[in-house]
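> The following block contains a protein sequence and its predicted model.
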Amino acid sequence: MANIEYPSDAQISNVSKDDILAAVTTLFPVIFQQTSAGKITFEDLQAAVVGAVQAQLDAHEAERGKHLLDTEIEHSHLQGAGLYPHALIDAHIENSELHGGGNSSEPVSWDDIANKPDSYPPAEHSHPPTIPDYILVRDVKASGTHGGNAVAGDNIRDITEITLDAGGHASLLNHQLSLAAGTYRVQAQAVGRYVGHQRLSLYNVTDLAVVTTVSGVQSSAPNMRQRLVTMQGQFTIANPKSFEIRHSCQNARTQYGLGGALSLGDEVYLVAEFWKLA
């Protein structure tokens, strides 16, 4: 096979539409003759065209990964963020190892990057998002121990342990959970058995008020069935406060109104999760 000298990028960029059509017109008789003679097939032609196009795309992608694209920054150091031609400004750009266009290998500082959005300054994109501190409290009893008596009305759920408290924001006394000042998101679930309609709520003992931004979904546990009841929401306290989790029941039930034992290990009748957002 004869050696073929491919044109340079500069030569390709100067090729006009007429030049392309003239080249195709010149080559077509040769291609048709070779195809008719059985030396090449249409499948060969298709594969060759697809391969040539893919090779050009691969070459272009590799080049775009080494040089500055117009007034933008090199994309190969941005963990896959493609730039055409406006850069996506994200946490991976600032202080990354960026380089200028052409043959330059000089570093590019954050100030040198073009088209940065004003509403997202570098400080907000230099650090990973903060994971809220997590608090987990539960009502855990020994295997075979029922959850307790339920009265018709409000029942104060037992909170027997602080299982996790990542930031040291919580303390527990007499089933009351004390939380430091801040904004919290809460999600809790408990069980009731044969108590009819039921619902959970978060009660602020310090202020003597139900936390209205935290609400429970009404459920029902008739005919000896044990049902799960939940609540969730978000609240803010300016100062440390103490809270109770209250379980409203339609009907009274002794021993297992607040959960019947399974005798398969520790009995868990309440799980409440708090995330400190601020």
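Thanks, I have the structure now. The shown structure was predicted, so the numbers you read here are calculated from the model rather than taken from an experiment.

> Correct me if wrong, but Tyr184 is in a strand.
Yes. Using DSSP: H, G, I helix; E, B strand; the rest coil, the assignment for Tyr184 is a strand.

> Please identify which helix or strand holds the closest residue to it other than its chain neighbours.
Of all residues not flanking Tyr184 in the chain, Phe274 sits nearest, at 5.1 Å (Cβ to Cβ, 6 or more residues apart in numbering). From N, CA and C alone the C-beta is placed, and that goes for glycine too. Element membership for Phe274 (DSSP states H and E) is strand 267-276.

> could you check the distance from the residue nearest to Tyr184 over to Thr160?
In this view, Phe274 and Thr160 are 16 Å apart by Cβ to Cβ, to the nearest Å.

> between the two, who's got more neighbours?
Each of Phe274 and Thr160 has its neighbours counted (other Cβ atoms under 10 Å); Phe274 has more, 26 against 16.

> Look at the more buried one and report its pLDDT.
The predicted structure scores Phe274 at 97 on the pLDDT scale.

> Number of residues surrounding Ala170?
Applying other Cβ under 10 Å, I find that Ala170 has 21 neighbouring residues.

> what's the closest non-adjacent residue to it?
Ala170's closest residue in space is Ile135 (Cβ to Cβ, 6+ apart), at 5.0 Å.

> That neighbour and Leu277 touch, don't they?
No. The criterion here is Cβ atoms under 8 Å, and Ile135 misses it with Leu277 at 11.9 Å.

> Neighbour count: these two, which is higher?
Between Ile135 and Leu277, Ile135 has the larger neighbour count (other Cβ under 10 Å), namely 23 against 13.

> In a helix, Asp44, correct?
Yes. Counting by three-state DSSP, Asp44 is located in a helix.

> could you measure the closest residue to Val217 other than its chain neighbours against His175, distance?
Using Cβ to Cβ, 6+ apart and skipping residues adjacent in sequence, the residue nearest Val217 is Thr230, 5.5 Å away. Distance, Thr230 to His175, using Cβ to Cβ: 19 Å.

> what's the answer for Gly167, then?
Distance from Gly167 to His175, by Cβ to Cβ: 22 Å.

> Kindly report the same for Arg157.
Counting by Cβ to Cβ, the gap from Arg157 to His175 is 7 Å.

> Between those two, which contacts overlap?
Residues touching both Arg157 and His175 comprise Glu244, with contact defined as Cβ atoms under 8 Å, 6 or more residues apart in numbering.

> These two: which has the busier surroundings?
The neighbour comparison of Arg157 against His175 (other Cβ under 10 Å) goes to Arg157, with 21 against 15.

> Ignoring the adjacent residues along the chain, who's closest to that one?
Closest residue to Arg157 apart from its sequence neighbours, by Cβ to Cβ, 6+ apart: Ile245 at 4.4 Å.

> Same question for Gly144.
Among residues not flanking Gly144 along the chain, Ser263 sits closest, at 4.6 Å (Cβ to Cβ, 6+ apart).

> I'd like to know how many residues surround Ile31.
For Ile31, using other Cβ under 10 Å, the count is 14.

> before we move on, what about Met231?
22.

> mind starting the numbering at 8 from now?
Taking 8 as the first residue, the last one we looked at is Met238.

> In contact with it, which residues?
193-196, 206-209, 221-224, 252.

> And what about it, helix, strand or coil?
strand.

> What residues are bridge-paired with it?
Ala195, Gly223 (DSSP bridges).

> ok so, going back, tell me the confidence at the residue nearest to Val224?
Reported pLDDT for Thr237: 95.

> swap in the one 3 residues further on?
pLDDT, Gly240: 95.

> Please name the residues that touch it.
Contacts of Gly240 by Cβ under 8 Å, 6+ apart are Arg192, Val193, Leu209, Val218, Thr220, Val221, Ser222.

> do Phe242 as well
Thr190, Tyr191, Val193, Leu209, Val218, Thr220, Val221 are the contacts of Phe242 under Cβ under 8 Å, 6+ apart.
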